[in-house]
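Novice: Fold the following and give me the result.
(chains A, B and C, ligands or ions: 2)
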Amino acid sequence: MQGTPTETATRHLAETSRWKPLEFAFWLVAFGAIWLLPSHHLILNEIIITALFAMSLDLILGYAGIASLGHAAFFGFGAYFAGIFAIRVIGDPLTGLVLATLASGALGFITSFLVLRGVDLARLMVTLGVALVLGEIANKMTWLTGGADGLQGVVMGPVLGLFEFDLYGRTAYVYSLVVTFLLFLIARRIVVSPFGLSLRTIRDNPLRARAIGIPVNRRLIAVYTLAAAYAGAAGALLAQTTQFVSLDVIALHRSADVLLMLVIGGTGYLYGGFAGAIVFKVLQDVISNWTPQYWTFWIGLILVILVLIGRERMNHQVAVLWARLRGKPEPRPRTIVGGH
Amino acid sequence: MAGRPHGARSLYFPGGSRVLTILFDGIAYGMVLFVLACGLSITLGLMNFVNLAHGVFAMVGGYVTAILMNRLGVPFLATLPFAFLVPAALGLVMERTLYQRLYNRNHLDQVLFTIGLVFMAIAAVDYVMGSQPQLIQLPSWLRGRVDVFGVQVGLYRSFIIVVCGFLVVGLQFVLAKTRFGAQLRAAVDDARVARGLGINTSLVFAATFAAGSGLAGLGGALGAEILGLDPTFPLKFLIYFMIVVTVGGTSSLTGPFYASLLLGIADVAGKYYVPSLGAFVIYTVMIVVLVFRPQGLFVKAR
Amino acid sequence: MSAALETVGLQKRFGGIVATDDVSFRLEPGARHALIGPNGAGKTTFVNLLTGVLQPSAGTIRLHGEDISAMAPERRVKRGLVRTFQINQLFAGMTPLETLGVAVSERMGHGYEFWRPAGSKSVVIDEIVEIATRFKLADVLEERTASLPYGKQRLLEIALAFACQPRVLLLDEPAAGVPEAERHDLLATVAALPRDVSVLLIEHDMDLVFSFAERISVLVNGALFTEGTVSEIANDPRVRAVYLGESLDG
Ligand SMILES: Nc1ncnc2c1ncn2[C@@H]1O[C@H](COP(=O)(O)OP(=O)(O)OP(=O)(O)O)[C@@H](O)[C@H]1O
Ligand SMILES: [Mg+2]
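Specialist: Ligands and ions are numbered 1, 2, ... in the order given. Predicted structure coming up:
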């Protein structure tokens, strides 16, 4: 495996962007579920949308180091946008999806200036505040959003004019999965690009990032906008596939849940959102069956333990395990997709 | 889950000096908020620790009073010391066993950890006490309103203003005049220097945390009538505590005090005059303050 | 001819402390200039002002004649003003390969390229490998920075500045923590920079200073105390008194 240093370096950089066997396996299973798990399409649809939402948070938290307590602002905005668009303009899913994604990105772009001005706790509070304000707007603009009753009467046309949404969620799942997969491909490309690499320097050490000439604020604005667009896409998918939008899409607990999922799944390797969404849903299912009312207790306990043990260390263990599963003799944790 | 508190639910306006009545109720509301949140402000300033679980201690105080009154028949006033002591003891234990491990962690870890505690507390209280709101039967001498020069003044709100007023003065005295207060202020300014001066900062941290939790508990008991009390209390009021702290700043108690009053009055008045706007105004003000005065509205820029 | 870097009446106050006190300083093009002074004299603060980490309370900074006093730090870097840090400022979760790569691509203007994988341009890789070899990092390029031994991290700290291709290089105690035997090697690498690169070296090790520098400035209590050639400073009894005397116990 030896070569000139240049060859080794090229190989190593190429390796971070190359697809790993487990990644293929994951997407094979996800697509296989279209045929293998026909009776679970509704829940799978929900999971894949949540995973996309969590992945959008990973873009800013895992890659650029911006924690957000209000990421549901963009999810909710995308959902309302898509729902209202379907009611008032046209019911074509793809048009609505694209426009909702762009609009959420625009909202992310605008609010990024607020978020980036602050540091630390102030920044965290601004993200929360933005979501609260939007939630309040959605709540009060009853004529447009339906307020507390939710947005009624969303009727979606067939996807591509061909596939009608069915009661069993088959079209819904395929639609959400394909969209998520495409967005994932783009995100995966971005995080191993020079741009993605520069984001990671900002996450690790903004002071030094500036000192090597990286325009930190502009990069953060760019990735915040991107993450908002992704979250908006997830929200739009939810609105279109469930044909209903309620204040719940923008509520505080949605922001908290997505953060939690991502933390459970691990940040900075893009699959954390997927792993977290699946674990979260399964846990929710299992625990709810056992003690329906009190399942937040166990979620809380998981969080507490996770932090006490140390998220870093936990993720590290998982990464080591992952590397071992791949049969790599010398595990290099936290670089599964070039992330950490 | 993120429902808004019903601070103005017992407003009663027979006409006349509404403005003054609203002002009065707003001040009472603000005072309670201050007692609830001042502990959070100190722990944030002192240890740079984001304790989103602060409301849990307030809830515990409220439930202590509710249980003592409703199950054991203890009079309202006699329950208040317990509403302070039980959460204070709980705070002390938690600080020594859990919180102190997280002082050096980043804010995200602290947020996750304390949110976890909130989730656990909500479910646990729900399990033990049920999800219904707890009613606290005030003694008859605190019920009703009297007419003072045409202004309707609630007796219980007057009581709250008096009690909280004493607490505020007492707190200021402790901070300004006592040895502990001096040590606390030194530690807030610069914990490292304070340690160098021979101050046992870890003792100061623990004592402060306990006292802050106790005050929150007292606030929870006093405020149960105004704010309502059910297992979701810690989440419902979280945002209010955070507003007090971020708008008020953490370098002194005066900032959070003014911020509480402002928030209390604005909330009560807003819900009365422009209910269609809801909490919109408050949240927007919070963002504006955070963006332009991140160290707090009432803190002199350095 | 304008100076490579020049300050006029530069001042920085932290509350009551005057950390930089009316400093007017010139770094000539191609200079090998040292800045010395006792601990807490304000050397690092001076570098922080020059690079835009801190905003000056008063005064002007000019880079090759251009006023950069209010310019964002990253734009100063684009104009060739690069520094190293007294305490390592690295990217813990990344490898030296990625670290150097990001600096090189940024310099070449690839920072916004999000559509192609990093490392697909061979000019970038060649330059990474060249710098890594020069700084004895070639064998650890793929390790996580956080797990590198301190010596290697220190080398990476300096190498990272080189990857930015400085025209004016500010080195804040580069040899701190580097074993005695390797210090001269390190400084030789710096001295081997092209002659049109101007270097300002902050250093406590007088042997290194005297062997590297052609001119020396002395900073005391935030103010420029004196400036001169190596022999002038070495033989100045006042400098001995304020600086060399103190550095014996430091
Ligand atoms: N951010 C800051 N806030 C307040 N005071 C500061 C700050 N940075 C530096 N100082 C003070 O400014 C003075 C100069 O510090 P500086 O770090 O620039 O000294 P130095 O010459 O680099 O010292 P050393 O040789 O130890 O590195 C010191 O008194 C220091 O305490
Ligand atoms: Mg220094």
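Novice: tell me the contacts of A:R88?
Specialist: With contacts defined as C-beta atoms under 8 Å, 6 or more residues apart in numbering or on different chains, A:R88 has no neighbours. Any C-beta I mention is one placed from the backbone N, CA and C, and that applies to glycine too.
Novice: got a pLDDT number for it?
Specialist: What the model reports for A:R88 is a pLDDT of 90.
Novice: Distance of it relative to A:T242?
Specialist: Here A:R88 is placed at a distance of 18 Å from A:T242 (C-beta to C-beta, to the nearest Å).
Novice: And for B:G255?
Specialist: Distance from B:G255 to A:T242, by C-beta to C-beta: 45 Å.
Novice: C:V77 touches A:I212, doesn't it?
Specialist: Yes. Using C-beta atoms under 8 Å, C:V77 is in contact with A:I212, at 6.4 Å.
Novice: Identify the contacts common to these two.
Specialist: Counting by C-beta under 8 Å, 6+ apart, the common neighbours of C:V77 and A:I212 are C:C164.
Novice: so what's A:L226 up against?
Specialist: If you count contacts by C-beta under 8 Å, 6+ apart, A:L226 has them with A:59, A:105, A:108, A:190.
Novice: surely the last one meets A:R200?
Specialist: No. With the criterion set as C-beta under 8 Å, A:I190 and A:R200 do not qualify as a contacting pair; they are 11.7 Å apart.
Novice: Show me the strands in the stretch 151-300 of chain B, by range?
Specialist: B:151-154 (DSSP state E, counting those that start in this stretch).
Novice: Please report how far the closest residue in space to C:L90 that isn't next to it in sequence lies from ligand 1.
Specialist: Nearest non-adjacent residue to C:L90, counting by C-beta to C-beta, 6 or more residues apart in numbering or on different chains: C:T145, 5.1 Å away. Taking C-beta to the nearest ligand atom, to the nearest Å as the measure, C:T145 and ligand 1 are separated by 23 Å.
Novice: chain center to the strand or helix carrying B:G55, what's the gap?
Specialist: B:G55 is part of helix B:54-72, with elements assigned from DSSP states H and E. How far helix B:54-72 lies from its chain's middle: 14 Å, per C-alpha atoms, centre = their mean, to the nearest Å.
Novice: Could you pull out the buried residues of that helix?
Specialist: B:54-69 (16 or more other C-beta atoms under 10 Å in any protein chain shown).
Novice: Which is the succeeding secondary structure element to it?
Specialist: Past helix B:54-72, further along toward the C-terminus, the next helix or strand under DSSP H and E is helix B:76-97.
Novice: Mind giving me the packing neighbours of that next one?
Specialist: Here helix B:76-97 touches helix B:54-72, helix B:201-227, going by 3 or more C-beta pairs under 8 Å, 6 or more residues apart in numbering or on different chains; DSSP states H and E.
Novice: what are the ranges of the helices in chain C?
Specialist: C:43-51, C:73-78, C:96-107, C:122-134, C:150-163, C:180-191, C:206-212, C:230-234, C:237-239, C:245-247 (DSSP state H).
Novice: ok, the longest one near chain A or not?
Specialist: Yes. With C-beta under 8 Å from any C-beta of the partner chain as the criterion, chain A is reached by helix C:150-163 at C:160-161, C:163.
Novice: thinking again about what came up before, the residue nearest to C:L90: how many residues sit nearby?
Specialist: 21 (other C-beta atoms under 10 Å in any protein chain shown).
Novice: before we move on, what about C:P194?
Specialist: If you count neighbours by other C-beta under 10 Å, C:P194 ends up with 7.
Novice: Flag the shaky bits of the chain, pLDDT-wise.
Specialist: Using chain A. A:1-3, A:311-340 (pLDDT under 70).
Novice: ah, I was thinking of chain C
Specialist: In chain C, residues with pLDDT under 70: C:1, C:243-250.
Novice: Render the CA-only coordinates of stretch A:258-270 in CSV, please.
Specialist: Listed in CSV are the C-alpha atoms of stretch A:258-270, where the atom choice follows Å, rounded to 0.1, in the frame of the first residue of the first chain:
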residue,chain,number,x,y,z
VAL,A,258,-34.5,16.7,15.9
LEU,A,259,-31.6,17.9,17.9
LEU,A,260,-32.0,14.8,20.1
MET,A,261,-32.1,12.4,17.2
LEU,A,262,-29.0,13.9,15.7
VAL,A,263,-27.2,13.7,18.9
ILE,A,264,-28.3,10.1,19.4
GLY,A,265,-27.2,9.2,15.9
GLY,A,266,-24.0,11.2,16.1
THR,A,267,-23.0,14.4,14.3
GLY,A,268,-20.7,15.1,11.4
TYR,A,269,-21.1,12.1,9.2
LEU,A,270,-24.6,12.7,7.6
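Novice: Mind checking if it is in reach of chain B?
Specialist: Yes. Stretch A:258-270 is in contact with chain B by C-beta under 8 Å from any C-beta, via A:259-260, A:263.
Novice: Now tabulate those in CSV and tack on neighbour count, secondary structure and distance to chain C.
Specialist: Converted to CSV, these look like this (neighbours: other C-beta atoms under 10 Å in any protein chain shown; DSSP: H, G, I helix; E, B strand; the rest coil; distance: C-beta to the nearest C-beta, whole Å):
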residue, neighbour count, secondary structure, distance to chain C
A:L259, 26, helix, 20
A:L260, 23, helix, 22
A:V263, 25, helix, 17
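Novice: right, and the helices of chain C - which one's nearest chain B?
Specialist: Minimum separation from chain B across the helices of chain C (C-beta to the nearest C-beta) falls at helix C:43-51, 17.2 Å.
Novice: What helices and strands are in contact with that closest one?
Specialist: strand C:5-14, strand C:17-27, strand C:32-36, helix C:73-78, strand C:81-83, strand C:168-172, strand C:198-202.
Novice: Pick out the shakiest of the helices and strands packed on helix B:76-97, pLDDT-wise.
Specialist: It's helix B:201-227: among the helices and strands packed on helix B:76-97, that one has the lowest mean pLDDT, namely a mean of 91.
Novice: How about that one, which residues are buried there?
Specialist: By neighbour count on 16+ other C-beta under 10 Å, the buried set for helix B:201-227 is B:201, B:204-227.
Novice: quick one: the residue nearest the centre of chain B from B:P234, how far?
Specialist: In chain B, the centroid-proximal residue (C-alpha atoms, centre = their mean) is B:L36; its distance is 1.3 Å. From B:L36 across to B:P234, the span is 11 Å (C-beta to C-beta).
Novice: and if you look at B:F209?
Specialist: Between B:F209 and B:P234 the computed distance is 16 Å (C-beta to C-beta).
Novice: give the contact list for the residue lying farthest from the centre of chain C.
Specialist: Relative to the centre of chain C, the most outlying C-alpha is that of C:W115, 33.3 Å out, by C-alpha atoms, centre = their mean. By C-beta under 8 Å, 6+ apart, the contact set of C:W115 is A:189-190, A:193.
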